[in-house]
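K.L.:
task: produce atomic coordinates for the following.
(3 chains)
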Amino acid sequence: MNNKNTGMITGIRLRRIICYIVLTIISFLCLFWFYVLFINATRSHSQLTTQGFSAVPGQSLLQNWIHLAEGTIPIVRGMLNSLFVASCSAILCTYFSAMTAYAIHAYDFKYKKFIFTFILMVMMIPTQVNALGFIKLLDKLHMDNSYWGLILPSIAAPITFFYIKQYMESSLPISLVEAARIDGSGEFQTFNFIVMPLLKPALAVQAIFAFVGNWNNYFTPALILHDSNKKTLPILIAQLRGADFLKFDMGQVYVMIAFSIFPVILVYLLLSKHIVGGIALGGVKG
Amino acid sequence: MKRRLISILVTSVMATSLISACGSAGSTTIGDEATPRSATIADDGKVLNIYCWNEEFKSRITDHYADYEEVDATHGKIGDVSVVWNITPSDDNAYQNNLDATLQKQSEAAADDKVDIFLVEADYALKYVDTDYTVPVADLGITAGDVADQYQYTKDVVTDSNGNLKGLSWQGTPGVLFYNREAAREVLGTDDPDEVQQYVKDWDTFNQTAEKMVDAGYHMTSSVMDSYRVYSNNVTSKWVENGKINIDDNIMRWVEDSKKLYDMGATGTHALWSADWSTGFYPEGKVFCYFGPAWLINFCMAADTEGSIGYQGGWGAATGPQGFFWGGTWICAANGTDNGSLIKDIMLTMTTDESVLKDIVVKDDDFANNKNVMNEMASSSDYSSKILGGQNPLGMYCAGVESIDLSNLSSYDSGCNLDFQTAITNYFEGNATLDEALDLFYQACVERYPELSY
Amino acid sequence: MNIDNRKAVRYNRWGYIFLIPFVVTYLIFNLIPLFTTFYNSLFENYMSGLTQIGPRFVGLANYVTLLSGGELLTYAANTVIIWIMGFIPQILISLLLGAWFSDPSLRLKGTRFFKTVIYLPNLIMASAFSMLFFTLFSDGGPVNGLLMDLQILSGPYKFLSHVWSTRSLIAGMNLLMWFGNTTILLMAGMLGIDPALFEAAQVDGAKPRQIFFHVTLPLLRPILVYTLITSLIGGVQMFDVPQVLTNGSGNPVRSSMTLIMYLNKHLYNKNYGLGGALSVILFFCTAILSMMVFKLSESKE
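P.N.:
Residues are numbered from 1 along each chain as shown, chains lettered A, B, ... in the order given. Okay, the predicted model is just below:
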């Protein structure tokens, strides 16, 4: 009996050790690339071309950054553009998705079932398939080469809607809405000042996802933005893949990738508690 | 001072027109919108928008156009006019696509957003020159006499089907072979241009030399793409004949020769401009030679980076197996521009002013587009290139420029060249048979130009 | 009672009002474009240089061109192959990690740290990530440098010149970007299982492996299917990573050309007819997939 018990304990200990080893290897594989990116961003072009891999940083980070900032790729501008588009989209997306979810959740009307089904059906259709009509439409509305075409469509975001709707089901009792009505609160007021604060955790997670999604978006902006001062980061990054004149300085290339990746990592590390906790929050329920 | 006066005049004209509250502010319209060839040039612009695909022209203007003051990397000032550089890398025709979209909206665009100058390459010059989006330089007030000393081929590239000259260039781009002097000394026992030329004088000798290079641990060229232009400029037919895609015999010869070189390890398949391609600019890259015109030296060879071959003056120039030309940048004025006289001045200063052109040759190792200047400098002992170890390559360029033949240019060249290189790489690397690779090329070409067949 | 009812009806009108922004936006930016895309697919319409060709009505000719070539099938196959190469290891690793993270008897420390780390790649800009891998795996890049320093390779391995190494790189990036997300979803599902079930199994003398295969897995089925379908739909949309990695060429031999890359090629070259037809075909493919998801979520309720 005693023997068997210790056997089980050492068995668990062994399994635990294996777990840690595997987890460490996986974490290493997740982080290794970013480490190399960081190291290479600090090395000069001639070090990069003639010495290959290195595990220790060089001293050229500032130099590379100055070259990049003084160059013709409007990288800082691109980041500001991305920030602007992603923030506006995230705000519109979460606010109006909550509004749509609230309409379906709190009210009972004739076409409710139909609309809900419809949104679920279109949830999985990729935006790419109507890109062609979308470009033509923007052309007609004179929104080509402007941010409107990137920001406004975020109002209709089926996936965000679905998540918030699920969240409402678990944490927004209808009785609360009714109580507000009795207190004489208008419907709009109830939504803005009673419902929205209750949704905070879900809204925060969705705002972050919407932000990241738009921040990373490449397909649509690449088709509609032509002016180099209006381009967002992903387009500039993709240009880098083909830009002839920049490749003569790999240091710049690495710094530019680092510049577009590390701010996101930093924000993520600050908010990771909410993000990691929130992924499964309203997502799927078994 | 003179420009200041003009701008005051222009401002007052604008003010008057504003007072008279007329919608179309004081622009002088030459020609009529309704007539087939209509050029609209005004002179009251506050913003000069320049569209280009890299920094070459910008650095030429910054260094050699006296009135230009740099504000930041993409903005500058010439007198009261602010200059905006709109740079889109040319990869996968991105530059052309962007320019096309902008030009098509040119008539609706606000005056400050209109394209004023755009640059074109020989590969697709015809596409723009043969449309009304470009303005004949004559309409800007540039006469045939002004450009009499320029090389004829540089004018042919940008002459439309009605015989109008529609752009100007400051450079000529006859190509030569640049060799790594150290490799030449080590393997061939000499780095003298004339003697090295004996080892690369025709393709058969060139390929034999490649074997020697491989044995000594060198690559003959960095990539198969290096010699592409040398073959593709010596073709006898166009990429597109009567709406059908046509592969010239000389291009197929390039494929054959390159496959042999690749298989014996004498070269790689890196895309031009890639980091891997450019390792040969450093001694560690172990590359014997690159083909290129004068701009390759200044633009690519990293001559100001310590440790590069160019920094040590370790390159030499030889004529190579065949004459060719590559690239070249032409300045075109866009129809609808509102900076007519400024563009005229830029064009004349940058492409005809002999002292500016001399300066470009001396400082930038370029080959200038002026027969007198070039012939004079070629025979003078005052000029020598530091990067080329004190050699004066101008005579070689001058000889090459005479043989440039443009009769087989077409407006499809840029796309076809690109797609062909991309597709045929699969054959070199052994991922496809020759026929499969050619099929890939046809397919890519038709995707790009749906009107073509094969 | 009656008054209450009328009031409720009046309130319920607000349901429509709150729906207006969504419906209007969806109508303008999604439905109308969808119809114009359909409409355009029936025309020959492209740019030849700076000249517009068409629009000229050609009926279903664009569809015939696309479907008769056989390339479309190749690109569909590429998409599926690369997706599977990423998905299978992804689901295996996620199941393993999810089981570990949710196993109370293991009492792993630092799970917050590990979860944070494995989710990290999901937030990285796909184009930047791909550009990063391109530079890291280029012939003269650090990965080849490292492998040569370690004497594993004698010369550089041309990762992007071989069919399977290119596909593996794309699949690997997809794997890295998504396994963290899947792990956390599966873990949530596992934590949602009634602990009494595990205890009962343990009492019956089941080993951890048996518990995993006979209790956990069957109960996880719905969430696994959900992961499968969402991942498949994400797979159909695969674009940024292969586009940037292969510079839009899908080489070698177009073996990494995905469906959306092919669509992008036509849109980019302003061939609205063929692009439209391809969009319509893709629309029907994804519509069928989303019907499946929908049926699935229906049957769950």
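K.L.:
was I right to think B:Asp202 contacts B:Pro321?
P.N.:
Yes: using CB atoms under 8 Å, B:Asp202 and B:Pro321 qualify as a contacting pair, with a distance of 5.1 Å. Yep, even glycine has a C-beta here, placed from its N, CA and C like the rest.
K.L.:
first-to-last residue distance for stretch B:368-382?
P.N.:
From the first residue to the last, stretch B:368-382 extends over 16 Å; the measure is CA to CA, to the nearest Å.
K.L.:
what's the distance between it and the middle of its chain?
P.N.:
Relative to the centre of its chain, stretch B:368-382 is centred 21 Å away, using CA atoms, centre = their mean, to the nearest Å.
K.L.:
check which residues of it are buried.
P.N.:
Of the residues in stretch B:368-382, those buried by neighbour count under the rule 16 or more other CB atoms under 10 Å in any protein chain shown are B:Ala368, B:Asn369, B:Asn370, B:Lys371, B:Val373, B:Met374, B:Met377, B:Ala378.
K.L.:
stretch C:24-40 too?
P.N.:
Of the residues in stretch C:24-40, those buried under the neighbour-count criterion (16+ other CB under 10 Å) are C:Thr25, C:Tyr26, C:Ile28, C:Phe29, C:Asn30, C:Ile32, C:Pro33, C:Leu34, C:Thr36, C:Thr37, C:Phe38, C:Asn40.
K.L.:
not counting sequence-adjacent ones, nearest residue to the last one?
P.N.:
On the basis of CB to CB, 6 or more residues apart in numbering or on different chains, the spatially nearest residue to C:Asn40 that is not a chain neighbour turns out to be C:Gly276, at 3.7 Å.
K.L.:
with the second one instead?
P.N.:
Nearest residue to C:Tyr26, sequence neighbours excluded (CB to CB, 6+ apart): A:Ala156, at 4.0 Å.
K.L.:
I'd like to know how far the one you found sits from chain B.
P.N.:
Per CB to the nearest CB, to the nearest Å, A:Ala156 is found 27 Å from chain B.
K.L.:
A:Ser46 too?
P.N.:
As it turns out, when the distance is counted by CB to the nearest CB, A:Ser46 lies 5 Å from chain B.
K.L.:
which residues does that residue contact?
P.N.:
B:Tyr282, B:Thr305, B:Glu306, B:Gly307, B:Ser308 (CB atoms under 8 Å, 6 or more residues apart in numbering or on different chains).
K.L.:
what's the local residue count around the residue nearest to C:Tyr26?
P.N.:
Counted with other CB atoms under 10 Å in any protein chain shown, residues neighbouring A:Ala156 total 26.
K.L.:
go on, A:Leu270?
P.N.:
Neighbour count of A:Leu270, defined by other CB under 10 Å: 10.
K.L.:
any idea of the mean pLDDT in the one helix or strand it maps to?
P.N.:
Taking DSSP states H and E as the criterion, the element that holds A:Leu270 is helix A:250-278. Mean pLDDT, taken over the full extent of helix A:250-278, equals 85.
K.L.:
that one packs against which elements?
P.N.:
Contact here means 3 or more CB pairs under 8 Å, 6 or more residues apart in numbering or on different chains; DSSP states H and E; on that basis helix A:250-278 packs against helix A:2-41, helix A:45-51, helix A:61-70, helix A:75-106, helix A:200-216, helix A:233-242, helix C:111-119, helix C:126-136.
K.L.:
for chain C, give me its nearest residue in the stretch 301-450 of chain B.
P.N.:
The minimum distance from the stretch 301-450 of chain B to chain C, using CB to the nearest CB, falls at B:Asn431 (4.2 Å).
K.L.:
how about the contacts made by the closest residue to that residue other than its chain neighbours?
P.N.:
Among residues not flanking B:Asn431 along the chain, C:Pro252 sits closest, at 4.2 Å (CB to CB, 6+ apart). Taking CB under 8 Å, 6+ apart as the definition of contact, the neighbours of C:Pro252 are B:Thr425, B:Asn426, B:Glu429, B:Asn431, B:Ala432, C:Leu160, C:Ser161, C:His162, C:Val163, C:Thr166.
K.L.:
just to revisit the earlier point, quick check: buried residues in the helix holding A:Leu270?
P.N.:
Neighbour-count burial for helix A:250-278, counted by 16+ other CB under 10 Å, picks out A:250-261, A:264-265, A:267-268, A:272, A:275-276, A:278.
K.L.:
thanks a lot, catch you later.
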